[in-house]
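Trainee: attaching a predicted model along with its sequence, questions to come.
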Amino acid sequence: MGKKPRLGLASQMGIGMVLGILAGIAAPYFSWDAGWFKPFGQLFINLVRMVVVPLVFATLVAGAASITDIAKLGRVAVKTLLCFVVFTVLGTAIGLLMGDIFQPGAGLNIPMDNLTAKEHAAPSLGQVLMDIVPINPIDSMAKGRMLPTIFFAVLVGFCLSLCGEKTKVVTDFFNGFAEVMIRMTGIVMLYAPIGVFALMAYTVAAQGMAVLMPLMKLVILMYIGSLILMVAVYFPCLKYSGIGPMKFLKGFSEPLMTAFSTCSSAAALSSSLVCTEKMGASRSVSSFAIPLGNTINMDGTAIYMGLVTIFAAEIFGVPMPFDKQLTVVFMALLAAIGTIGVPGSGMIMITMIFSQVGIPLEAVAIVAGVDRLLDMARTTLNVTGDATAAILVSKLENDFDPARGAAMDA
Ligand code: ASP
């Protein structure tokens, strides 16, 4: 019996995306209500978020338990965090430079009537650190709070590795449970093409192209900035690890499309974990770096923060000398940590930068109209940065093996 040629999931998602955009463009002409598309898209987001906490917990415990060398755990943590800081700082710098050079806000005159925006209080560094330790780990998991969940999972795995043979049955359980959750992710992703179709159709139908025109320059610069970070920073890191750009884009296409269409890194987390490992990153590194990065490493959001701060400063005539731009870099680092992987959260967190450098918070309302388009780019970069870090750290730890994918598929 001959095998039927089947279209891969990534191609199906690509088709879903294109059809979704077309349906969104056609919607007003046929008087289709954009709201019709919404529940189908939301269902996809719910499905992928359903698997996140158990998947992350199980893979992290199993990953940390597999590291018997304690010094290695420390090294992986330091290298991963270093990657995150460097990527985020570079992202913000690219955003600021794009703004300085191309001045997207120059000559823009947007009426300010009825615009209000609330300041979002930034969490202090001390608070961020305190919040990492859960008083009640079950409560943190139930609420989907990733940082305390990660902290607890790493500790459980670490203790399992200390207990060794005595607790082998528990370690085996978590290994098995991680396999189950990876399988479930695969099943959930079968719905992805429909989910992506619905999300794209809803976005395009609800936004309408006319609203976007005045802010198009900003949107284009955001995409160019994202491309620069990808080509100038991520690709060389991946190349060093033995993965060419094309191979990466192919191997990582599912999380990329999930991130782009859902605007939620949390939604792309499970497939990101699986794909990164399939490309060759070790489980112990990726199960640490991907969930952690998903929570604190937001490189796309960093580009956005640099670029939109300059844009807003131009509109309101707020001078942005070099020292203020340095403040933006530092604030963006904190703001990115505070940004959670759901749609639009970067737009809320940017208010903490605005208030720091004296930009009226109304600026948020101006860019809000195009936020979805900006969010698509930043979320895509946010997940790419995590995968790049996981692959690079695996390579630096001599734990990178391109043959892993074939073994996982077997
Ligand atoms: N939506 C982004 C994410 O999920 C966060 C942001 O709004 O910048 O990664």
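Mentor: Perfect, thanks for sending it.

Trainee: just the closest residue of this protein to the ligand, please.
Mentor: Closest approach between the chain and the ligand, counting by Cβ to the nearest ligand atom: Gly346, at 2.3 Å. Where C-beta positions appear, they are placed from N, C-alpha and C, glycine not excepted.

Trainee: for that residue, pull up the helix or strand it's in.
Mentor: helix 345-357 (DSSP states H and E).

Trainee: before we move on, the earlier item: just to check, the residue of the chain closest to the ligand is in contact with Met305?
Mentor: Yes. Using Cβ atoms under 8 Å, Gly346 is in contact with Met305, at 7.1 Å.

Trainee: pull up the overlap in contacts between these two.
Mentor: Ala335 (Cβ atoms under 8 Å, 6 or more residues apart in numbering).

Trainee: go ahead and confirm Ser394 touches Arg283.
Mentor: No. Using Cβ under 8 Å as the test, Ser394 is too far from Arg283 to be in contact (9.4 Å).

Trainee: neighbour count for the two, which is higher?
Mentor: Neighbours per residue (other Cβ atoms under 10 Å) separate Ser394 from Arg283, with Ser394 holding more: 27 against 22.

Trainee: give me every residue in the stretch 201-350 of the chain lying close to the ligand.
Mentor: Within reach of the ligand by Cβ under 6 Å from any ligand atom, the stretch 201-350 of the chain has these residues: Cys263, Ser264, Ser265, Met298, Thr301, Thr339, Gly341, Val342, Pro343, Gly344, Ser345, Gly346.

Trainee: skipping adjacent residues, who's closest to the last one in space?
Mentor: This points to Gly346. Thr301 (4.0 Å; Cβ to Cβ, 6 or more residues apart in numbering).

Trainee: what sits against the one you found?
Mentor: Gly91, Ala332, Ala335, Ala336, Thr339, Gly346, Met349, Arg378, Asn382.

Trainee: now do the same contact list for the second one.
Mentor: Just to be clear, that refers to Ala332. Neighbour list for Ala332: Thr88, Gly91, Thr92, Thr301, Ala302, Met305, Gly306, Ile353 [criterion: Cβ under 8 Å, 6+ apart].

Trainee: go ahead and list the helix or strand containing it.
Mentor: For Ala332, the host element (DSSP H and E) is helix 322-338.

Trainee: so how far is that helix from its chain's centroid?
Mentor: 19 Å (Cα atoms, centre = their mean, to the nearest Å).

Trainee: and it, which residues are buried?
Mentor: For helix 322-338, the buried set under the neighbour-count rule, 16 or more other Cβ atoms under 10 Å, comprises Gln325, Val328, Val329, Met331, Ala332, Leu333, Leu334, Ala335, Ala336, Ile337, Gly338.
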